[in-house]
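J.: Have a look at this prediction, sequence included:
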Amino acid sequence: MPADTNAYGDIFGGWLLSWMDSAAGLTAARYAHGRAVTVAMDGMQFHEPVKVGDEVSVYAHIERVGRTSMTIAVEAWRRPRHVDTATKVTQAKFTFVAIDDNGKPRPIEGAQEQA
């Protein structure tokens with residue numbers, strides 16, 4: 001059995017969560033112009049399994065920006081081999097905080113705080 005699957009050939013949710021956190025982290029760091037760390041994850045929903053051999057795409061976009069934090073919505077989609085259409089399999093919201101070199105929250109440069 002491959003290390004990242006169960007006995008049925010489904011990819012473990014933690015593997016997918018890791019990729020989603022990475023996508024959100026890249027989005028947060030780019031927007032914050034520096035280091036940003038995950039402080040929360042909300043609303044994780046698994047709609048259907050990802051099978052070994054599926055193509056997985058992860059998309060992230062910023063939903064809300066505060067003075068030091070931001071909320072990023074992330075979706076994962078799968079496309080089975082030899083199929084042209086993709087299906088959303090997972091979604092969640094991640095909260096990131098921009099931090100300075102001492103690990104303390106710092107203002108996000110140029111951010112317009114949103115309600």
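T.: Here it is on my side, so go on.
J.: Quick test: name the residue nearest the centre of the protein.
T.: Centroid-nearest residue in the chain, with C-alpha atoms, centre = their mean: Met20, separated by 2.8 Å.
J.: residues of stretch 49-56 that come out buried?
T.: Across stretch 49-56, burial judged by 16 or more other C-beta atoms under 10 Å covers Pro49, Val50, Asp54, Val56. C-betas here are computed from N, CA, C, even on glycine.
J.: which one of those is nearest Leu26?
T.: Closest approach between the buried residues of stretch 49-56 and Leu26, by C-beta to C-beta: Val56, at 15.8 Å.
J.: export the helix or strand hosting Gly25 as PDB, just CAs?
T.: According to DSSP states H and E, Gly25 maps onto helix 13-32. C-alpha atoms of helix 13-32 as PDB (Å, rounded to 0.1, in the frame of the first residue of the first chain):
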ATOM      1  CA  GLY A  13      -7.100  13.700   3.700                       C
ATOM      2  CA  GLY A  14      -4.000  14.900   5.600                       C
ATOM      3  CA  TRP A  15      -2.000  14.700   2.300                       C
ATOM      4  CA  LEU A  16      -4.500  16.900   0.600                       C
ATOM      5  CA  LEU A  17      -4.700  19.300   3.600                       C
ATOM      6  CA  SER A  18      -0.900  19.700   3.400                       C
ATOM      7  CA  TRP A  19      -1.100  20.800  -0.300                       C
ATOM      8  CA  MET A  20      -4.000  23.200   0.500                       C
ATOM      9  CA  ASP A  21      -2.000  24.800   3.400                       C
ATOM     10  CA  SER A  22       1.000  25.200   1.100                       C
ATOM     11  CA  ALA A  23      -1.100  26.900  -1.600                       C
ATOM     12  CA  ALA A  24      -2.700  29.200   1.000                       C
ATOM     13  CA  GLY A  25       0.800  29.900   2.500                       C
ATOM     14  CA  LEU A  26       2.200  30.900  -0.900                       C
ATOM     15  CA  THR A  27      -0.700  33.200  -1.500                       C
ATOM     16  CA  ALA A  28      -0.400  34.700   2.000                       C
ATOM     17  CA  ALA A  29       3.400  35.300   1.800                       C
ATOM     18  CA  ARG A  30       3.100  36.900  -1.600                       C
ATOM     19  CA  TYR A  31       0.400  39.300  -0.500                       C
ATOM     20  CA  ALA A  32       2.100  40.100   2.900                       C
END
